[in-house]
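Novice: Could you work out the structure for the sequence below:
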Amino acid sequence: MSEEKANIESLFPILNAESQNQPLRGIARLAACGEHAEDGHLVEFRTLPVRSLLNKSVSRRGMWFAKSINPYRGCEFGCRYCYARYTHEFMEMKDPAEFERKIYIKQNAAWLLRQELRTLRPGEEIALGTATDPWQPIERRARVTRSILEALAEHRGLRIGVVTKSTLIERDIDLLQRIAERSELVLNITITTPNVELARILEPRAPRPDLRFRTVKRLRQAGLRTGILCSPLMPGITDNALALDAMCRLASEAGANFLAANPLFLKPCSKATFLAFVHEHFPELDASYAQRYETDAFVSKAYQKRVSELVSAVTRKYGLSGRFAGPPAKERRPEPEQRELWPLQPVKREPASIQRTSIPHTAGQPVQRVMMTS
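Specialist: Sure thing, here's the model as predicted:
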């Protein structure tokens, strides 16, 4: 019994705190009450007895939504840049890797959501998938997201935005169509790069980019308003004008309604993970990243303006409109001001691991780098 207890405490440090008579509070206490559900490859799944599904959203990035829903805590996709790793810190888990290795499945999600939907005003804004992917692999068995869609399909007059990298969203086209009949629904498929080799090391467990483009096409064929989030734009890696043009062309070919391109911002929780990725695969960019993200997670206001103009020009070229069919219900807050532009750097030879399929550039000319906050 003592050996079993030691193993459990090593997996979940929050239980160590409890054994040391340090009372757990809030979500950390609820997480400690969860039960083991199952195990995957290098992943442990546990139940999470939450008390609410709708979260009030507060963001420096001027996000459009007022409420958010996340069916899970943690995400299996393991994206190196993921800003949501901080959510595990609320459960007293300080290692950023735990976000992708310890996934919590929220219990009684649909029942809770139905109670909370009764209190919403007409036109209320809700985002599904802001801090986890609603269709990550565990969803095939847990089906928490599908139960949430069933509850949303019973309600009218909402403004709902969905964000995912997963092709599993195609399973729920029937429910998404029912929601779209009663509320304004916008689907956002994140595709960071069409480069398969780069995507494999950047988003190791997410579906291949070509499969995500296919999903966009199928969602559009189902009559659903769907676009692509080219996020994040990574300085010196995917932030050049030719790459954006290529993404817009592929988005247009898939029938996407829109494309939005948002550059990298690095929260403390994701900074070490992403900089380790840069050091391993793009060591020539180490100094630039260390300098520009040393004291601030965001880029400059001037750079935001520059990228906004570029993205607008490219999306107009391919006929990709805004995310919403009409104006947002609320005026979006201005982006936070930043200090400096990302400096132009000469083009350098890319690592051999992705050199063959990287976005092309004109030989002998510098790559144009553009960034803005997401």
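Novice: From here on, just use CA atoms for contacts and neighbour counts.
Specialist: OK.
Novice: ok, which stretches of the stretch 51-200 of the chain are strands?
Specialist: Per DSSP state E, counting those that start in this stretch, the stretch 51-200 of the chain carries strands over the ranges 55-56, 67-69, 72-73, 102-106, 125-128, 159-164, 184-190.
Novice: Rebuild these as a markdown table, extending it with mean neighbour count and mean pLDDT.
Specialist: Output for the strands of the stretch 51-200 of the chain, formatted as a markdown table (neighbours: other Cα atoms under 10 Å; pLDDT from 0 to 100):
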| stretch | mean neighbour count | mean pLDDT |
| --- | --- | --- |
| strand 55-56 | 12 | 86 |
| strand 67-69 | 21 | 95 |
| strand 72-73 | 26 | 96 |
| strand 102-106 | 24 | 95 |
| strand 125-128 | 23 | 96 |
| strand 159-164 | 22 | 97 |
| strand 184-190 | 23 | 97 |
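Novice: now those as TSV including distance to residue 235?
Specialist: Formatted as TSV, the strands of the stretch 51-200 of the chain follow (distance: least, Cα to Cα, whole Å):
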stretch	distance to residue 235
strand 55-56	31
strand 67-69	29
strand 72-73	29
strand 102-106	30
strand 125-128	27
strand 159-164	23
strand 184-190	18
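Novice: For residue 217, find the nearest of these.
Specialist: strand 184-190 (10.8 Å; Cα to Cα).
Novice: ok and the closest one relative to strand 159-164, angle-wise?
Specialist: 20 degrees (axes from the mean of the first three to the mean of the last three Cα atoms, to 10 degrees).
Novice: who touches strand 184-190?
Specialist: 157-166, 179, 212, 216, 224-231, 323-324 (Cα atoms under 8 Å, 6 or more residues apart in numbering).
Novice: Now, those residues that are in helices?
Specialist: With DSSP state H as the criterion, helices contain 179, 212, 216 from among those.
Novice: of these, buried ones?
Specialist: Neighbour-count burial (16 or more other Cα atoms under 10 Å) applied to the ones in helices among the contacts of strand 184-190 gives 179, 212, 216.
Novice: which one of those sits closest to residue 41?
Specialist: After measuring those against residue 41 - Cα to Cα - the closest member comes out as residue 212, at 22.8 Å.
Novice: Report the contact partners of the closest one.
Specialist: Counting by Cα under 8 Å, 6+ apart, residue 212 touches 165, 166, 167, 189, 191.
Novice: surely the first one meets residue 193?
Specialist: In this case it means residue 165. No - with contact defined as Cα atoms under 8 Å, residue 165 and residue 193 do not form a contacting pair (11.8 Å).
Novice: shaky segments in this protein?
Specialist: 1-22, 57-65, 322-374 (pLDDT under 70).
Novice: For the top helix by length along it, buried residues please.
Specialist: Longest helix of the chain, by residue count under DSSP H: helix 301-317. Buried positions in helix 301-317, judged by neighbour count with 16+ other Cα under 10 Å: 301, 302, 303, 304, 306, 307, 308, 310, 311, 312, 314, 315.
Novice: Tell me which of the strands of the stretch 51-200 of the chain lies nearest to residue 30.
Specialist: Closest of those to residue 30 is strand 102-106, at 10.5 Å (criterion: Cα to Cα).
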